[in-house]
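Undergrad: Pasting a predicted model and its sequence here:
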Amino acid sequence: MTFMQIPWGDMSSAMGAFFAYQRVESALRERHPDLNDRLRMQESVGGRRATALTVTVDDDTKTLLWMTRFGRPYDYRLFWHIYGPADGGTPRIWDPQTGEDVLADAFHERTTAWRDRREEVSPWKWDEPEMYQIVRLADALAERGIPVAQVVANNRLRATLAPKGWEARSFRQHDGDFLVVQNGPRTVRVSCKPTLGWIVDVHDLEHGVQWRLDLNNLIHGQASLTPGTPLPDIDTTRLANVIEELLDHPFVFAPGPEAVTKIETLGNNGSERLTLCSKEVVPPSPHVLVTEVVAQLRSMGFTDMELSSSDGSPFSSGGVHVVWWERSKDLGTSDVKQLYADATVEGKRLVVVINGGITRPATDFANRAKAFIFHLYRDSGRVRPANKLAQEASFTNEYGPAPHV
């Protein structure tokens, strides 16, 4: 899709945008004086009345920095768009709050890379401002000839091809820094989560299943009982080797069927439907319900989660203290504190599966205590995150970046 084929929205006006352009122009002239004689602020873009900064290269082509938005119905978010003559696929965009120095450097790198007919250098080629761990991992994979489709760290905004056109998608902080590698029908998502650390998920769209690698076991030879591997424990070079091996032999790394879950889909009306290994119709029977909850938790990385015959809980685990909260009242702060104390006595992390709600103060305490709180939807048998750490542990529902068209 060419620049002119993309449905751009109308740029709202205004004086604030004008001052934003001025700040970026000043930063460009100060930081990159080699562009001064070619840098212009023009008043039209693609036949539209709109302000943009442009640089004309030796062959009379232009690079362009433009504050804009996509067309309807996705015209609700502004962004900076840096367009180069070689662009023809997914628009490359930056958060509107990005500092002028960062935008100046990104625009300069795009311009000089085109002028010199070379590849952009890292981290700019990933639309990131610094060499974060996930950027270094992306570079290590690229050196091995592995095409990285997307990298997200400080710049949380990316263009995504939605059902009705292009959308500027903002990725949430609990997604962590991440990269995406597409290998045929499989998508590998490597995440660097704020609390849980490194997580590698494989989404096999051909078979409709997904699973999570136990990095601690693969790299250190010791199975992990909870999701994630601490950041200092893994070197990016070693992790790149694991990803390369995974792409070459994907099913060698697949866990047993008890730790593989089907990729969740939605019904035509957007309602949830049962998508785990069971073929039972919804709502599932109590035994099927418990079995599916265990399967989901195991697939997230609670690897020794099992069914229990205990009267106190249908679950058991040697690695975490897991509780099924079936009471009618919402889970409150005093409840979480008591459950957390019980888990602490056992020297374990706390996992709670609730049927009802949870109060805001209880959620705040659970976040501070680094507990996992999941909400169970009985009709579908699905568990949903109810606090920050559970959000980090859950699978994404985005299985890849926008395709290049």
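TA: Thanks, I have it.
Undergrad: So for stretch 123-140, mean pLDDT?
TA: Averaging pLDDT along stretch 123-140 gives 96.
Undergrad: For residue 191, name its beta-bridge partners.
TA: residue 178, residue 199 (DSSP bridges).
Undergrad: Under the pLDDT cut-off, which ranges of the protein? List them.
TA: Filtered on pLDDT under 70, the chain yields the residue ranges 1-16, 46-47, 265-283, 309-312, 399-405.
Undergrad: just checking, residue 69 touches residue 80?
TA: No: assessed by Cβ atoms under 8 Å, residue 69 is found out of contact with residue 80, at 10.8 Å. The C-beta positions use only the backbone N, C-alpha and C, and glycine is treated the same way.
Undergrad: What distance do you get for the residue nearest the centre of the chain to residue 326?
TA: Geometric centre of the chain, nearest residue: residue 175, 4.3 Å, by Cα atoms, centre = their mean. Between residue 175 and residue 326 the computed distance is 31 Å (Cβ to Cβ, to the nearest Å).
Undergrad: what number of residues lie near residue 231?
TA: Counted with other Cβ atoms under 10 Å, residues neighbouring residue 231 total 13.
Undergrad: Same question for residue 130.
TA: 10.
Undergrad: which residues sit in contact with the residue nearest to it when sequence neighbours are not counted?
TA: Nearest non-adjacent residue to residue 130, counting by Cβ to Cβ, 6 or more residues apart in numbering: residue 123, 5.9 Å away. Residues counted as contacts of residue 123 (Cβ atoms under 8 Å, 6 or more residues apart in numbering) are 129, 130, 131, 132, 135.
Undergrad: Apply 7 Å and report the result again.
TA: 129, 130, 131, 135 (Cβ atoms under 7 Å, 6 or more residues apart in numbering).
Undergrad: And stretch 26-37, end to end?
TA: 13 Å (Cα to Cα, to the nearest Å).
Undergrad: Touching it from outside, list them.
TA: 39, 55, 100, 101, 104, 105, 107, 108, 111.
Undergrad: Buried residues of it, list them for me.
TA: 27, 28, 32, 35 (16 or more other Cβ atoms under 10 Å).
Undergrad: How about stretch 92-100?
TA: In stretch 92-100, counting by 16+ other Cβ under 10 Å, buried: 92, 93, 94, 95, 98, 100.
Undergrad: you'd agree the last one is up against residue 23?
TA: This points to residue 100. Yes: Residue 100 is in contact with residue 23 according to Cβ atoms under 7 Å; the separation is 4.3 Å.
Undergrad: thinking again about what came up before, buried ones only from the contacts of residue 123, please, as a PyMOL command.
TA: Of the contacts of residue 123, the buried ones can be selected in PyMOL as follows, counting by 16+ other Cβ under 10 Å:
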select buried, resi 129+135
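Undergrad: any chance of the contacts of residue 123 in JSON lines, plus secondary structure and distance to residue 247?
TA: Output for the contacts of residue 123, formatted as JSON lines (DSSP: H, G, I helix; E, B strand; the rest coil; distance: Cβ to Cβ, whole Å):
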{"residue": "129", "secondary structure": "coil", "distance to residue 247": "28"}
{"residue": "130", "secondary structure": "coil", "distance to residue 247": "27"}
{"residue": "131", "secondary structure": "coil", "distance to residue 247": "23"}
{"residue": "135", "secondary structure": "helix", "distance to residue 247": "19"}
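Undergrad: wait, which of the contacts of residue 123 is closest to residue 236?
TA: residue 135 (9.5 Å; Cβ to Cβ).
Undergrad: so how far is residue 234 from the closest one?
TA: 15 Å.
Undergrad: follow-up on the earlier one: mind checking which of the buried residues of stretch 92-100 are in strands?
TA: 93, 94 (DSSP state E).
Undergrad: could you dump the buried residues of stretch 92-100 to a markdown table with distance to residue 228?
TA: As requested, these are arranged in a markdown table below (distance: Cβ to Cβ, whole Å):
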| residue | distance to residue 228 |
| --- | --- |
| 92 | 30 |
| 93 | 29 |
| 94 | 29 |
| 95 | 26 |
| 98 | 29 |
| 100 | 36 |
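Undergrad: How about the contacts made by the residue lying closest to residue 173 once chain neighbours are set aside?
TA: Spatial nearest neighbour of residue 173, chain neighbours left out: residue 194 (6.7 Å); criterion: Cβ to Cβ, 6+ apart. Going by Cβ under 7 Å, 6+ apart, residue 194 touches 173, 176, 392.
Undergrad: Which phi and psi values does residue 194 adopt?
TA: Residue 194 adopts backbone torsions of phi -60, psi -40, taken as degrees, to the nearest 10.
Undergrad: care to break the chain down by domain?
TA: Using automatic domain parsing, the domains assigned to the chain come out as 3-121, 128-255, 286-393.
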